[in-house]
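Colleague: Generate coordinates for the sequence data below:
(one chain, ligands or ions: 1)
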Amino acid sequence: MKRRSFFKLGAVAGAVSVLKPINGAQILGSSFEGKSEGPIVLSTWIHGLEANRAAWKVLEKGGKAIDAVEQGVKVTESDLTNRSVGIGGRPDRDGHVTLDACIMDEQSRCGSVAFLEGIIHPISVARAVMEKTQHIMLVGEGAKQFALDLGFKTAKTPLPEVKKEWQDWKKENKDLFKKPEINHENHDTIGMIAMDSNGDFSGACTTSGWAYKMHGRVGDSPIIGAGLFVDNEVGAATATGLGEAIVRIAGSHTVVELMRQGYTPTDACKEAVKRIISKHKDLTNLQCCFLAIDKKGNYGAYSVYSGFNFALKTNSEDKMVDSEFDRNW
Ligand code: GLY
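Modeller: Sure thing, here's the model as predicted:
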């Protein structure tokens with residue numbers, strides 16, 4: 001896969017801060033934060049740049065964050081060259097491209113789909129689950145039937161070139177339980193979080209998941225609290241990387257709760273990463289990354305390994321930012 005170009009971190013302050021006391025205790029944390037005074041949209045990996053620009057078209061007109069994040073990640077879902085999101089994604093080990101997505105708004109309403117095949121925009125199906133049903137999550141054939149009933153567009157998957165790649169992979173890979181490499185070369189999920197001009201938050205998260213996963217496997221991305229969490233009183237967080245590890249600590253919810261307790265976004269993400277590290281004996285290829293924003297417009301990220309970056313769009317900025325990390329890849 002072609003190496004992409006990366007952009008260096010812009011103006012970010014590094015300092016030590018004393019955070020708000022929790023239960024009488026003072027927390028000493030390092031702050032490494034960016035800040036936006038107005039609307040802001042953040043999303044994971046380089047594919048986030050284009051996605052953010054679509055989201056920004058909504059935000060700059062004073063539109064709602066929920067509309068921005070849906071429009072944003074739809075760009076990535078319909079990018080046929082993307083191998084980890086949407087219908088261009090890699091299949092499971094049985095040759096099925098199964099898509100996972102979730103969305104959450106400022107009222108803590110949420111919708112999710114998982115193990116969905118052949119639908120071009122899983123994120124919009126997730127939004128329809130949120131808005132048109134009494135449920136939060138639909139999976140598999142039920143989710144597909146719901147999407148078809150609503151007239152969502154379909155596509156045949158895997159794409160021919162992706163199918164060929166999978167067939168070659170099958171010939172060479174007998175160890176079906178090998179962990180995937182999740183880094184800046186193969187990218188991953190798009191998780192997008194936004195604050196609109198009203199100060200309201202929403203988020204969206206969508207993926208084709210772990211390439212060549214077991215048939216039926218679902219990762220963190222459609223799980224509210226794991227791949228994505230929004231609490232309008234506090235902020236929003238999203239995750240990318242090895243879903244199994246992120247689910248194990250309810251990652252995005254953990255980040256938001258830490259921000260509620262006074263952690264900066266970067267420190268909240270860092271604490272979640274530390275928790276993942278502490279719960280895994282083998283960290284080989286175990287890349288997990290968190291991205292967060294708080295109510296004041298502070299944002300930050302942290303990952304287990306180097307290589308994670310995120311796209312940032314505000315009134316004055318449109319760029320990639322390198323995440324802080326625990327260790328070198
Ligand atoms: N984070 C995406 C997945 O594990 O499916």
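Colleague: make it CA atoms for all contacts and neighbour counts henceforth
Modeller: Will do.
Colleague: what number of residues lie near Asp294?
Modeller: Close neighbours of Asp294, defined as other CA atoms under 10 Å, add up to 25.
Colleague: What's opposite it in the beta bridge?
Modeller: Bridge pairing for Asp294 (DSSP bridges) gives the partners Gly235.
Colleague: Check whether it really touches Tyr263, as I assumed.
Modeller: No: look at Asp294 against Tyr263 with CA atoms under 8 Å: they stay out of range, at 9.6 Å.
Colleague: Shouldn't Ala204 be within a strand?
Modeller: Yes: secondary structure assignment places Ala204 in a strand (DSSP: H, G, I helix; E, B strand; the rest coil).
Colleague: For the closest residue in space to it that isn't next to it in sequence, which residues are in contact?
Modeller: Take Ala204 and drop its neighbours on the chain: the residue closest to it by CA to CA, 6 or more residues apart in numbering is Ile103, 4.3 Å away. Residues near Ile103 by CA atoms under 8 Å, 6 or more residues apart in numbering: Glu70, Cys110, Gly111, Ser112, Ile123, Ala126, Arg127, Ser202, Gly203, Ala204, Cys205, Leu228.
Colleague: quick one: which of the residues you listed is nearest to the ligand?
Modeller: Nearest to the ligand among the contacts of Ile103: Cys205, at 9.1 Å, using CA to the nearest ligand atom.
Colleague: Apart from its chain neighbours, what residue comes closest to the closest one?
Modeller: Nearest to Cys205 is Gly191, by CA to CA, 6+ apart, at 4.2 Å.
Colleague: Could you do Ser197 as well?
Modeller: Ser197's closest residue in space is Pro39 (CA to CA, 6+ apart), at 5.1 Å.
Colleague: Please apply the same query to Glu50.
Modeller: Counting by CA to CA, 6+ apart, the residue nearest Glu50 is Val75, at 7.2 Å.
Colleague: can you give me the strands in the stretch 51-200 of the chain?
Modeller: With strands called from DSSP state E, counting those that start in this stretch, the stretch 51-200 of the chain shows them at 99-104, 110-116, 137-139, 190-195.
Colleague: Looking at the ones you listed, which is nearest to the ligand?
Modeller: Short answer: strand 99-104, nearest of these by CA to the nearest ligand atom, at 7.6 Å.
Colleague: what's the spacing between that closest one and its chain's center?
Modeller: Distance of strand 99-104 from the chain centroid (CA atoms, centre = their mean, to the nearest Å) equals 9 Å.
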